[in-house]
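A.B. asks: Sequence plus the predicted model coming up.
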Amino acid sequence: MTKINRLEIKKLCVEVEGKKLLEDVNLIIPKGEVHALMGMNGSGKSTLMMTIMGFPKYKISSGKILLNGVDVTDMPIDERARLGIGIAQQRPPILPGVTLATILSYLDDGQPTKALEKQITYMKMDKYTERDLYKGFSGGEIKRAEILQLFAQSPCFAMLDEPDSGVDLESLQLMSVLMGQLFEKDEACDEACSGLIVTHYGDVLENVHVNKAHVMMNGKICCSGNPETIVDVIKSRGYEACILCMEKGQ
Amino acid sequence: MEILKEVGVYVEDLNRSGTMVIRDESPIYISNKTSGMELMPIREALDKYKWLRDTYYWKAVSIESDKITKEYMGLDPQGFFLRVHKGAKVKLPCQVALYIGEEKKSQYLHNVVIVEEDAELELITGCLTDPIVKSASHVSVDEQYIGKNAKLIQTMVHSWGEEVQVQPRSGTIVEDKGVYEHRFVVLRSPKKSVSKPNTYLNGQGASAKLTSVVLGSQESEIEVGGDVYLNGQKSSAELIHRGVSNGGQIYQSGLLIGKNTCRAHVDCAGILLKENIGMIESIPGLHAYHPEAMMSHEASIGRVSPEQIEYLQSKGMREHEALTLLVRGFIGSETNGLGKALDDQITSMITLAGHGEAEERVCTA
């Protein structure tokens, strides 16, 4: 049986303030699959995620983005979110006077479920729910708040931008477990969540079954394959190995 | 009476200690069954209590203050008198509506609130015009007296027709360890409003927290300020102004006058929703006359950043929903009890400012 492609990106080129950041990016993530996106700083990983989400700063000069077969290329950011795309940002803005509880309540249709309340406690975020969002939050607290919102949103396609960078070990473990739950539904299930995770080391993927890994360099996906193999190569030989591999390919 | 709910006055609500409604210049409804609290028309109180005129009437506001107060010479206009007796702690809020129901009406009022030693009161004052009234004038003299160790929490909500002129003159005297909290909210802005209450913290350890929230619609001119005199030893004050303009002019000021050992802070902040229309001026001020007067001020004006709006949109909120949430957050939590009325007005302003249509939320995620 052919799997439905949850996310399909075709020849995507993206500019920010006139500067080309992504070039001819092609990517397919079938329903229920989770892919890892790796690459050096500035390679275009976050740009790809912010473009998929629809942040206006990221201008699509050509190419298409499809979610469940629906062309979302020109769709506003909030419509994409309501269609089922969700993101846990790396550096979200501070929101004075807006609390995590307010946003979670909105995402959970105004009535936080027991499951969400349980997750808030599990993530040790009870005392942060009534504080101004991200004001004085540590790196780990920001990541935990972001993934809690993603959990409350229940997207059909979830993106996590470097959930493992700048966080303490405890936060890493807590997030890893919640990410596992976010993606745990059976692939055959209609509600199965697909995802894309930007990670440098793969540590956060302990509880998530990753189907494929991709490596980005200079705004292009230059390598795709078995996640364990790719993580092992990058961990042992660094991105130099990817550069050499690309040069050989050329 | 349904309309009064907009400004927080719920007539015949069992959760109120007392209610009075003044339409134009006539008291039309009074209810008070709370022991230790008196609520009556001011003229009745002046007849009943000789000491009222001698000790309180025109003592917190001088009749010589300005042109407006001088117009009161020889007049004893109607208004309300509210007194909480010594030691009485009134548990439920008392409410008064000052309502203009007639077009072109000039409403002159004089109101006196006395919270005696060790007493406590929460007061909601709603000032408004009927929806059919576009043009009118509201002038009032408001005097508050807070005794030793007493506490008055007052929420004043204004909702006016677009051509109305509003000129309140207010004075509050706070004695030893007295506490005064005043929240002033302009929901529907009039054509022009000048509100500059004077607060005299005369007693040792007297304190005040004065907050204003102004939603300034197009072509309105709203001036909020207030001088706080920190005369008592170890007196303290906090003065907070929040203004949101979608085309109106908002003038925020606030002067702290430290004449004794004291601590005080004034904070003015504003948000402009529209480009090239409207204006916000923020001028906090400090006058120190004592070496141990510790006072500070801050002021900021800006707009809601696109990054904040887009972040909330990435959670599925429409632009106007995101803006409403951010503006509500900016205003702060000083307006409890006004949730829906305030949110409706913010949403209306945001829609008028061209940030998306207000529509039912449909979440398909």
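C.D. replies: Happy to help now that I have it.

A.B. asks: Please make it C-alpha for all contacts and neighbour counts, starting now.
C.D. replies: Fine.

A.B. asks: For chain B, what lies in contact range of chain A?
C.D. replies: B:307-308, B:310-311, B:313-318, B:325-326, B:328-332, B:363-365 (CA under 8 Å from any CA of the partner chain).

A.B. asks: Retrieve the pLDDT associated with whichever residue of the stretch 251-365 of chain B sits closest to chain A.
C.D. replies: Proximity of the stretch 251-365 of chain B to chain A (CA to the nearest CA) peaks at B:G329, 3.6 Å away. For B:G329, the pLDDT comes out at 87.

A.B. asks: Kindly report the same for A:E228.
C.D. replies: 89.

A.B. asks: Would you indicate which residues of the host helix or strand of it are buried?
C.D. replies: Per DSSP states H and E: A:E228 is located in helix A:227-237. Across helix A:227-237, burial judged by 16 or more other CA atoms under 10 Å in any protein chain shown covers A:P227, A:I230, A:V231, A:I234.

A.B. asks: And stretch B:120-139, by the same measure?
C.D. replies: B:120-130, B:133-139.

A.B. asks: next one: stretch A:242-250
C.D. replies: In terms of neighbour count (16+ other CA under 10 Å), stretch A:242-250 has its buried residues at A:C242.

A.B. asks: what is the rounded mean pLDDT of that stretch?
C.D. replies: 72.

A.B. asks: do the same with stretch B:44-51
C.D. replies: 96.

A.B. asks: before we move on, what about stretch A:29-44?
C.D. replies: 92.

A.B. asks: Kindly check the end-to-end length of that stretch for me.
C.D. replies: 18 Å (CA to CA, to the nearest Å).

A.B. asks: Helix, strand, or coil at the closest residue to chain B within chain A?
C.D. replies: Nearest residue of chain A to chain B, counting by CA to the nearest CA: A:G97, 3.6 Å away. Three-state call for A:G97 (DSSP: H, G, I helix; E, B strand; the rest coil): strand.

A.B. asks: just to revisit the earlier point, would you agree the residue of the stretch 251-365 of chain B closest to chain A is in contact with A:T102?
C.D. replies: No: B:G329 is beyond contact range of A:T102, at 10.4 Å (criterion: CA atoms under 8 Å).

A.B. asks: The residue nearest to A:D168 when sequence neighbours are not counted: what secondary structure?
C.D. replies: Nearest residue to A:D168, sequence neighbours excluded (CA to CA, 6 or more residues apart in numbering or on different chains): A:G140, at 6.2 Å. At A:G140 the chain is in helix, as set by three-state DSSP.

A.B. asks: Could you pull up the contacting residues of A:G140?
C.D. replies: Residues near A:G140 by CA atoms under 8 Å, 6 or more residues apart in numbering or on different chains: A:G166, A:V167, A:D168, A:S171, A:L172.

A.B. asks: did I read that right, the fourth one in a helix?
C.D. replies: So the one you mean is A:S171. Yes: using three-state DSSP, the assignment for A:S171 is a helix.

A.B. asks: who's in contact with it?
C.D. replies: Counting by CA under 8 Å, 6+ apart, A:S171 touches A:M123, A:G140, A:E141, A:K143, A:R144.

A.B. asks: Compute the mean per-residue pLDDT across the helix or strand the last one falls within, please.
C.D. replies: For A:R144, the element it lies in under DSSP H and E is helix A:139-153. In this model, helix A:139-153 has a mean pLDDT of 92.

A.B. asks: and that helix, how far out from the chain's middle?
C.D. replies: Its chain's C-alpha centre and that of helix A:139-153 lie 12 Å apart, by CA atoms, centre = their mean, to the nearest Å.

A.B. asks: before we move on, what about stretch B:132-140?
C.D. replies: Worked out by CA atoms, centre = their mean, stretch B:132-140 lies 17 Å from the chain centre.
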